[in-house]
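>>> when you get a sec, could you give me coordinates for this:
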Amino acid sequence: MPAGLTPSVLTFNPLLDGLHVNGNNAEAEALLGEASQRGVYGTPTQYTVHLASLDIQGMSRGAAITALRVWLRGLCDRAVDGEQLPGMLQVTGLAAVRHGSPSREQQLQQGVEGLLVELGSPFTVLPEGGVRIFRAETTPEVYTWLRDLKSHYSPISTAPNDLLADTRNA
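Below you'll find the predicted structure:
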C-alpha cells in the first residue's frame, strides 16, 4: 500500500478490481492478504463444525472473486488432506439485485455466480431476506468436486492458502 493512504475498502477495492480485470490473480491474492492482515474486510471467513462461510459484504467484484478463489482453495486443501469439512458451505453478503441499470450488487453477484458456474460448483442460490446466499451441503459429491477442482483447475491452485485469516472454531 502506498505511503499516506489509509487502508480501507476505498483503497483496496479499486486496486483488487484492476488486478482482477487484468488477470493478475497472484498479485490480487497477495493484496487481499495485505487487506486481510490490516482488517479491511473484517473477518470474511468463518469455520465451525457446522458451517464454512465466506462473507463478501463490502467487497468489490475483484475483491470478492479473489476471496472466493482463496476460500475455495482452502476447502480444496482440506478435502484433499482428508479433513472433515463443516456440514454446510456458504457464500453470503450479496444484496438483492433490483431491475434496471447494472448496479454494484448486480456486478458482484454476476462475478461470484459466474465463477461458481464456471467451476461446476454444487452451490445453489437461496434468496433469503433480500440477499442471495450460495449454499451447499457437504456431501460426498462436494468432497469429490473439491478434490477434482484442486487438481484440475489452475485459478484455484495458484497461491498460498494463508491469505484470508483461517478462523476455524472446530
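
>>> give me the helices and strands touching the helix ranked longest in the chain, please.
Using DSSP state H, we find that the single longest helix of the chain is helix 61-80. Contacts defined by 3 or more CB pairs under 8 Å, 6 or more residues apart in numbering; DSSP states H and E place helix 61-80 against helix 9-21, helix 25-37, strand 51-55, strand 88-95, helix 104-118, helix 140-152. Any C-beta I mention is one placed from the backbone N, CA and C, and that applies to glycine too.

>>> can you tell me the centre-most residue of this protein?
Central residue of the chain (CA atoms, centre = their mean): residue 68, 1.8 Å from the mean position.

>>> for that residue, give me its contacts.
Residue 68 makes contact with 54, 56, 91, 112, 115, 116, according to CB atoms under 8 Å, 6 or more residues apart in numbering.

>>> same check, this time on residue 143
By CB under 8 Å, 6+ apart, the residues touching residue 143 are 79, 85.

>>> state the distance from it to residue 58.
The gap separating residue 143 from residue 58 is 31 Å, by CB to CB, to the nearest Å.

>>> do the same with residue 112
Counting by CB to CB - residue 112 and residue 58 are separated by 14 Å.
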